[in-house]
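S.K.: Predicted structure and sequence below. I'll ask about it afterward.
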Amino acid sequence: MDAARRVFFSNGFTETSVDTIAAEAGVSKQTIYNHFGDKRALFVAVIAAVQAEATVAAQGMAAPTVAETEDLEASLRQLARTMIKTALVRDVVALRRIVIAERARDPELLDAFAKPRSAFDQLFIEGIKERVRIGVLDVDDPAVAARQFLTLTVQETLMRSELGTRELEPAEIEQIVNDGVRMWLRAYRVRD
């Protein structure tokens, strides 16, 4: 897996051969086929491993849940910071680049790349629903509101950083977080 990761990140998916990975790993080509079936399955396994590492890292950042916080605005800011850090992890950036390059040939790779987010998305949606239930937020569709939050914060960061290939200053990321959270709350916070 480590050898596959290095070769895929260096050469991309299309330009990587199982022979090259086998040589890098010091194993036979047949060993790779026996364990993974084919190059695509190996790449999907690399995606899963990188996403799992990023998820563990994000959990280590102790992002607050939207449903349980006393200070919703501060929790949303911390949540945005955590998701941005996860999206800008070096290996996640490398995978994103490869998956985008392969999209025309294999659009299902993008699904494999995005799949681990579904657990986070559901937790966030449930938090929004709880805030609607107690009268803090006025949201008709929590799934749409969750996507909009990510667009205002994480996607904005990815766009400005050219999909994570250009490093942003901490102050610029903080400004994106602040602007995105304020805009989202202006749209959805219940007015007194």
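M.R.: Now that the structure is in, tell me what you want to look at. What you see is a predicted model, and the numbers here were worked out from it, not measured in a lab. Numbering: from 1, shown residues only.
S.K.: show me what contacts the residue most central in space within the chain?
M.R.: Centroid-nearest residue in the chain, with CA atoms, centre = their mean: residue 87, separated by 4.6 Å. Residue 87 makes contacts with 93, 154, 157-158, 164, as judged by CB atoms under 8 Å, 6 or more residues apart in numbering. C-beta here means a position set from N, CA and C on the backbone, and glycine is covered the same way.
S.K.: Closest to residue 133 out of these?
M.R.: Closest approach to residue 133 among the contacts of residue 87 (CB to CB): residue 154, at 25.5 Å.
S.K.: Doesn't residue 163 lie inside a strand?
M.R.: No. According to DSSP: H, G, I helix; E, B strand; the rest coil, residue 163 belongs to no strand; its state is coil.
S.K.: about what we covered before: between the contacts of residue 87, which sits nearest residue 188?
M.R.: Set against residue 188, the nearest of the contacts of residue 87 by CB to CB is residue 154 (17.3 Å).
S.K.: In this model residue 82 seems to touch that closest one, though I could be wrong.
M.R.: No. The criterion here is CB atoms under 8 Å, and residue 154 misses it with residue 82 at 9.9 Å.
S.K.: Between these two, which has more neighbouring residues?
M.R.: residue 154 (23 against 20; other CB atoms under 10 Å).
S.K.: And the next helix or strand past the longest helix seen in the chain?
M.R.: Counting residues, the longest helix found in the chain (DSSP state H) is helix 39-60. Tracing the chain past helix 39-60, the next element assigned as helix or strand by DSSP states H and E is helix 72-87.
S.K.: Skipping its backbone neighbours, what lies nearest residue 126 in space?
M.R.: Once flanking residues are discounted, residue 126 sits nearest to residue 67: 6.4 Å by CB to CB, 6 or more residues apart in numbering.
S.K.: Then residue 29?
M.R.: residue 22 (4.5 Å).
S.K.: Tell me how far residue 28 lies from residue 93.
M.R.: Per CB to CB, to the nearest Å, residue 28 is found 32 Å from residue 93.
S.K.: Please identify which of these two sits among more neighbours.
M.R.: The residue with more neighbours, out of residue 28 and residue 93, is residue 93; 17 against 12, by other CB under 10 Å.
S.K.: How far off centre is the host helix or strand of that one?
M.R.: Following DSSP H and E, one finds residue 93 within helix 90-102. Relative to the chain's own centre, helix 90-102 is displaced by 11 Å; criterion: CA atoms, centre = their mean, to the nearest Å.
S.K.: What is the subsequent helix or strand relative to that helix?
M.R.: With DSSP H and E, the next secondary element past helix 90-102 is helix 108-114.
S.K.: Does anything pack onto that next one? Which helices or strands?
M.R.: helix 39-60, helix 90-102 (3 or more CB pairs under 8 Å, 6 or more residues apart in numbering; DSSP states H and E).
S.K.: mind exporting the longest helix of the chain as PDB, just the C-alpha atoms?
M.R.: Listed next in PDB are the C-alpha coordinates belonging to helix 39-60 (Å, rounded to 0.1, in the frame of the first residue of the first chain):
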ATOM      1  CA  LYS A  39      -4.800  -1.600 -10.300                       C
ATOM      2  CA  ARG A  40      -8.100   0.200  -9.900                       C
ATOM      3  CA  ALA A  41      -9.000  -1.900  -6.800                       C
ATOM      4  CA  LEU A  42      -5.500  -1.100  -5.400                       C
ATOM      5  CA  PHE A  43      -6.100   2.600  -6.000                       C
ATOM      6  CA  VAL A  44      -9.500   2.500  -4.300                       C
ATOM      7  CA  ALA A  45      -7.700   0.800  -1.300                       C
ATOM      8  CA  VAL A  46      -5.200   3.700  -1.300                       C
ATOM      9  CA  ILE A  47      -8.200   6.100  -1.300                       C
ATOM     10  CA  ALA A  48      -9.800   4.300   1.600                       C
ATOM     11  CA  ALA A  49      -6.500   4.300   3.600                       C
ATOM     12  CA  VAL A  50      -5.800   8.000   3.100                       C
ATOM     13  CA  GLN A  51      -9.400   8.900   3.900                       C
ATOM     14  CA  ALA A  52      -9.300   6.800   7.100                       C
ATOM     15  CA  GLU A  53      -6.100   8.600   8.100                       C
ATOM     16  CA  ALA A  54      -7.700  12.000   7.500                       C
ATOM     17  CA  THR A  55     -10.800  11.000   9.400                       C
ATOM     18  CA  VAL A  56      -8.700   9.900  12.400                       C
ATOM     19  CA  ALA A  57      -6.800  13.200  12.200                       C
ATOM     20  CA  ALA A  58     -10.000  15.100  12.100                       C
ATOM     21  CA  GLN A  59     -11.400  13.200  15.100                       C
ATOM     22  CA  GLY A  60      -8.200  14.100  17.000                       C
END
